[in-house]
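In: next one to model:
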Amino acid sequence: MTNKSSVLFVCVANAARSQLAEALLRHTDSEHFEAFSAGTDPGGVDQRTIEALEHLGVSTEGLRSKSIDGFEGKRFDYVITLCDKSALECQALPSAGEVLAWNFEDPVTSTKPEAFRHTLHEIHERIKMFVLVKTKR
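Out: Below is the predicted model of the structure:
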């Protein structure tokens, strides 16, 4: 039995945002949190996701695209959706103590230069705040 809070990050394809969030939470505070990610319609991890994480020195070990169905029956302390579409599909999500809806632009479909690094930075800032708030006990 672990004292860590379990966190599931969800987006549609489980290709970028939820992968970034999973890796960043592990990197930021693996002492208090156990991070997972899944997609409502997974399609494979985008190579640029891996490159953005490696550029920041964050481990990408074990990252792979997973379906939300693989977590059926598992309970999470937090389920965090990373896009409006997955937030709308929340009914299909595993049970959670708390559901949070964060909305980040999908870097896969973005035309902006540096979209992956920008999304990585935005998610990292949100995760640092999440860790700060949730570990103040």
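
In: low-confidence stretches in the protein?
Out: Low-confidence segments of the chain, defined by pLDDT under 70: 1-2, 86-87, 89-94, 137.

In: 80 instead, please
Out: 1-2, 84-94, 137 (pLDDT under 80).

In: can you pull out the helices in the chain?
Out: Using DSSP state H, the helices of the chain run over 17-29, 47-56, 84-88, 115-134.

In: would you turn these into JSON lines with distance to Trp102 and mean neighbour count?
Out: C-beta coordinates here come from the backbone N, C-alpha and C atoms, glycine included. Listed next are these as JSON lines, based on distance: least, Cβ to Cβ, whole Å; neighbours: other Cβ atoms under 10 Å:
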{"stretch": "helix 17-29", "distance to Trp102": "8", "mean neighbour count": "25"}
{"stretch": "helix 47-56", "distance to Trp102": "17", "mean neighbour count": "16"}
{"stretch": "helix 84-88", "distance to Trp102": "9", "mean neighbour count": "17"}
{"stretch": "helix 115-134", "distance to Trp102": "6", "mean neighbour count": "17"}
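
In: to Leu100, which of those lies closest?
Out: Of all these, helix 115-134 sits nearest to Leu100, with 8.0 Å by Cβ to Cβ.

In: which outside residues touch that closest one?
Out: The contact list for helix 115-134 (Cβ atoms under 8 Å, 6 or more residues apart in numbering) reads 5, 16-17, 20-21, 24-25, 28-29, 32-33, 46, 48-49, 51-53, 55-56, 78, 80, 82, 100, 102, 104-105, 107, 110, 112.

In: at 7 Å what do you get?
Out: The set of residues external to helix 115-134 that reach it, using Cβ atoms under 7 Å, 6 or more residues apart in numbering, is 5, 16-17, 20-21, 24-25, 28-29, 48-49, 52-53, 55-56, 102, 104-105, 107, 112.

In: still on that earlier bit, of all the helices of the chain, which lies closest to Asp69?
Out: helix 84-88 (13.7 Å).

In: re earlier: would you mind putting the helices of the chain into a markdown table with distance to Leu63 alongside?
Out: Output for the helices of the chain, formatted as a markdown table (distance: least, Cβ to Cβ, whole Å):
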| stretch | distance to Leu63 |
| --- | --- |
| helix 17-29 | 5 |
| helix 47-56 | 7 |
| helix 84-88 | 18 |
| helix 115-134 | 13 |
